[in-house]
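[1] Let's see this in three dimensions:
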Amino acid sequence: MAFAKKKLFIKTWGCQMNVYDSQKIADVLIPMGYEQVDTPDDADMLVLNTCHIREKATEKVFSDLGRMRPHKTRREEQGKKTVIAVAGCVAQAEGDVILDRAPYVDLVFGPQVYHQLPQMVAKVTGEDKNRVVNTDFPVESKFDYLPEEHESPGPSAFVAVQEGCDKFCTFCVVPYTRGSEFSRPVQSILDEAKRLVETGSQEIFLLGQNVNGYHGTGPNGKEWTLADVIKSLADIDGLSRIRYTTSHPCDMQDDLINAHGEIDKLMPYLHLPIQSGSNKILKAMNRKHTHEEYREIIAKLRAVRPDISLSSDIIVGFPGETDEDFEDTMSIVRDVVYGSCYSFKYSARPGTPAAIMKNQVLEKDKDSRLARLQSLITDQQSTYNKSFIGQTLPVLFDRKGRDEGQLIGRSPYMQSVHVKGNERLFGQMVNVKIKRATASSLSGEIDIID
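    Numbers count the residues shown, from 1 in each chain. Sure, this is the predicted structure:
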């Protein structure tokens, strides 16, 4: 049965996993006649793929939904059906609330069920016009039912290898919105990676909420670790770079650490969140490691790969955090010296243990601590990036800049690199002589080799 062509607009918030999910949502809907477009103008289906991590996430969703409502009303006055859908982690956590507060929303579905979208869309577009909420955690894995990619995602591509988390950090909603940990079978990952490379991708990002906790079944029937997967991926001809995110210190095993020194295609960059430098706060967060254990991991990594660039997430103002606890965080940041770092004020997530903890920190104290931390981080990033001035780095150009003739790519160390260059270099790995640096990026000139 052939479907009439329809326009699909997806707005994505949050992590790389959400970006991956949005592409798969588009892939699932292609057989129903939906073609993805870049703007919501005259779209037949609007999807908000949401993230529950940031502050006031739910209210931001309702704000966007409010802007979509006139679009739907206008089209319906023209006799055109418009489906408004909310997906992702806010949908998982607030499914029925969304339908109650926004009666013009047709479909709400969580991150585990987008392989069931054809059936759900059929229900909301049928004669009965049923509204649908699907926030189940089905027994079957969605990865077993997803179609192959319909088009190349570009020079860099995401491959989800693991989803969910069993760590239950007291500040985090992920175990409640993404479910318990699940690892894809190895062969499924390798097959997807090979298809992506065949369509032009040179760089693969392995994704998971707790990606280094991967423990999938290999082709030999035995349990494989993430290091085993990376070693197999490195054998794919045409694949130049491998990265993975996000990691937990408790699952940073020696085989994965050693892989950073043994596998050239594994890039010298690791995002390894510490969250706090205080053991007291780490315990309250249920992180299950100490700052001493974290430092030992960093030492091992730098022993096998001295040039590795490290990134982290840090929360300031967690309940019970004192000035002394915060100074412990400042100390570990000074000692590790991050190439990049993401820092946030603690904000309560409904339903998490930390939300009802006593000794909530005053906002003014959070503000002052965050300002001090971000000043230190900015200084570190600026110094780190300036150390590359004069060096020549291989850069994979995967984006076009806002200015005419500008290309943007990534260095091996995950820095954004800006150059003036011909569009034909898009998707290519090119040597760039670094001329300038800021705290957030590098810029340079294409290195012409005679």
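[2] Return the alpha-carbon coordinates of the helix or strand of the chain with the lowest mean pLDDT using CSV.
    Within the chain, no helix or strand scores below helix 174-177, which has a mean of 84 by mean pLDDT, DSSP states H and E. Below are the C-alpha coordinates for helix 174-177, written out as CSV (Å, rounded to 0.1, in the frame of the first residue of the first chain):
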residue,chain,number,x,y,z
VAL,A,174,17.2,8.2,33.7
PRO,A,175,16.5,4.8,35.3
TYR,A,176,12.8,5.9,35.5
THR,A,177,12.5,7.3,32.0
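[3] After it, which helix or strand is next? Please name it.
    strand 182-183 (DSSP states H and E).
[4] Could you list every helix and strand that that next one packs against?
    Where contact means 3 or more C-beta pairs under 8 Å, 6 or more residues apart in numbering; DSSP states H and E, strand 182-183 is packed against strand 162-163. Where you see a C-beta, it was placed from the backbone N, CA and C, and this is true even at glycine.
[5] what sits up against the strand it packs on?
    For strand 162-163, the surrounding residues in contact (C-beta atoms under 8 Å, 6 or more residues apart in numbering) are 17, 111, 178-179, 181-184, 207-211, 213-214, 216.
[6] so what secondary structure elements neighbour the least confident helix or strand of the chain?
    Contact analysis of helix 174-177 by 3+ C-beta pairs under 8 Å, 6+ apart lists helix 88-101 as its packing neighbours.
[7] What residues sit buried inside the helix it packs on?
    By neighbour count with 16 or more other C-beta atoms under 10 Å, helix 88-101 contains the buried residues 88-95, 98-99.
[8] before we move on, what about stretch 66-78?
    Within stretch 66-78, judged by 16+ other C-beta under 10 Å, the buried ones are 68, 71-72.
[9] hang on, isn't E293 packed against H248?
    No - when contacts are counted by C-beta atoms under 8 Å, E293 is not listed as touching H248 (11.7 Å).
[10] So the two - more neighbours on which side?
    Taking other C-beta atoms under 10 Å, E293 and H248 do not tie; H248 has more neighbours (20 against 15).
[11] gap between the closest residue to that one other than its chain neighbours and K288?
    For H248, ignoring the flanking residues on the chain, the nearest one in space by C-beta to C-beta, 6 or more residues apart in numbering is N210 at 5.1 Å. Per C-beta to C-beta, to the nearest Å, N210 is found 12 Å from K288.
[12] between those two, who's got more neighbours?
    Taking neighbours as other C-beta under 10 Å, N210 and K288 compare with N210 leading, 22 against 14.
[13] dump the residue contacts of that one.
    Counting by C-beta under 8 Å, 6+ apart, N210 has contacts 162, 164-167, 181, 246-248, 251.
[14] what about it, distance to E192?
    20 Å.
[15] before we move on, what about L206?
    Applying C-beta to C-beta to L206 and E192 gives a distance of 11 Å.
[16] which neighbours do these two share?
    Residues within reach of L206 and of E192 at once, by C-beta under 8 Å, 6+ apart, are V159.
[17] tell me which of the contacts of strand 162-163 is nearest to D307?
    Of all the contacts of strand 162-163, D307 sits closest to V211, with 21.9 Å by C-beta to C-beta.
[18] residues near that closest one, how many?
    If we define neighbours as other C-beta under 10 Å, then V211 has 25 of them.
[19] S232 reaches L190, doesn't it?
    Yes - under the criterion of C-beta under 8 Å, S232 makes contact with L190 at 6.0 Å.
[20] can you list residues touching both of those two?
    Shared contacts of S232 and L190 (C-beta under 8 Å, 6+ apart): none.
[21] Low-confidence ranges, the stretch 301-450 of the chain, go.
    For the stretch 301-450 of the chain, the stretches flagged by pLDDT under 70 are 448-450.
[22] Recalculate using a threshold of 50.
    450 (pLDDT under 50).
[23] what about A102, how many neighbours?
    Neighbourhood size, A102 [other C-beta under 10 Å]: 18.
[24] Helix or strand for the residue nearest to it when sequence neighbours are not counted, just tell me which one.
    Counting by C-beta to C-beta, 6+ apart, L65 is the residue found nearest to A102 once chain neighbours are left out, at 5.0 Å. In this assignment (DSSP H and E), L65 forms part of helix 57-77.
[25] ranges for the strands of the stretch 201-350 of the chain?
    Remark: strands assigned in the stretch 201-350 of the chain by DSSP state E, counting those that start in this stretch are 203-207, 216-217, 223-224, 241-245, 269-271, 309-316, 340-345.
[26] one step back: mind checking which of the contacts of N210 are buried?
    Burial by neighbour count, 16+ other C-beta under 10 Å: within the contacts of N210 this picks out 162, 164-165, 167, 181, 246-248, 251.
[27] For those, name the two members farthest from one another.
    Farthest-apart pair in these is G164 and S247; separation 14.8 Å (C-beta to C-beta).
[28] Which strands or helices does the helix holding L65 pack on?
    Helices and strands touching helix 57-77, by 3+ C-beta pairs under 8 Å, 6+ apart, are strand 45-50, strand 83-87, helix 88-101.
[29] picking up where we left off before, how close does the residue nearest to A102 get to V83?
    For L65, the distance to V83 equals 13 Å [C-beta to C-beta].
[30] again, but for M285
    On the measure of C-beta to C-beta, M285 and V83 end up 40 Å apart.
[31] which residues of the stretch 351-450 of the chain fall in strands?
    With strands called from DSSP E, counting those that start in this stretch, the stretch 351-450 of the chain shows them at 392-400, 406-410, 416-420, 429-437, 441-446.
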